[in-house]
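> Pasting a predicted model and its sequence here:
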Amino acid sequence: MPLLLLIFFGIYGWIEFEAFIAIGNAVGGLVTFLGIFVTAFIGVALMKRQGKWVLKQWQSSISEGEMNTSTLASGASLLLGAVLMLLPGYVTDFIGLLCFIPVFRVLIGQFLLSRLGQNVYSSSLFTSF
């Protein structure tokens, strides 16, 4: 497992570095460097704005006595998107922006919740024996 993580982060770093160089060649080094910080601020602003909307939807569904899983999925996707937007790099920023688009937000959130549910279920199986 540690070897897979090392390979993953090596490939991730290479892809981000190549994107940084390509964008730097297109628009200049200073603009590219400042763009990293601007996208982080955009991610925080999007998380605040859309996070408030998700919390309102979640509170209204709970007050009605029902659990809306699409709202929970949207919240999980927004959290992932905000984390990705805070990481330096343009590829992670692009993936983070996809997490904020409503159609993709629900799909990504449902995928995350299903994976989380599988991990919780499989870990509880082994601890019960």
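Arrived safely, thanks for sending.
> for this protein, where's the lowest mean pLDDT among helices and strands?
When each helix and strand of the chain is scored by mean pLDDT, DSSP states H and E, helix 102-127 comes last, with a mean of 72.
> Please compute how far stretch 87-107 lies from its chain's middle.
6 Å (C-alpha atoms, centre = their mean, to the nearest Å).
> Likewise for stretch 81-100?
Remark: stretch 81-100 is offset 6 Å from the chain centroid, using C-alpha atoms, centre = their mean.
> Pull the residues that contact it.
15-16, 19-20, 23, 35-36, 39-40, 42-44, 46-47, 50-51, 77-78, 80, 104-105, 108 (C-beta atoms under 8 Å, 6 or more residues apart in numbering). To be clear about C-beta, it is placed using only N, CA and C from the backbone, and glycine gets the same treatment.
> Contacts made by stretch 22-39 with the rest, please.
Phe20, Met85, Pro88, Gly89, Tyr90, Asp93.
> Could I get the buried residue list for that stretch?
Within stretch 22-39, the residues scored as buried using 16 or more other C-beta atoms under 10 Å are Ile23, Thr32, Gly35, Thr39.
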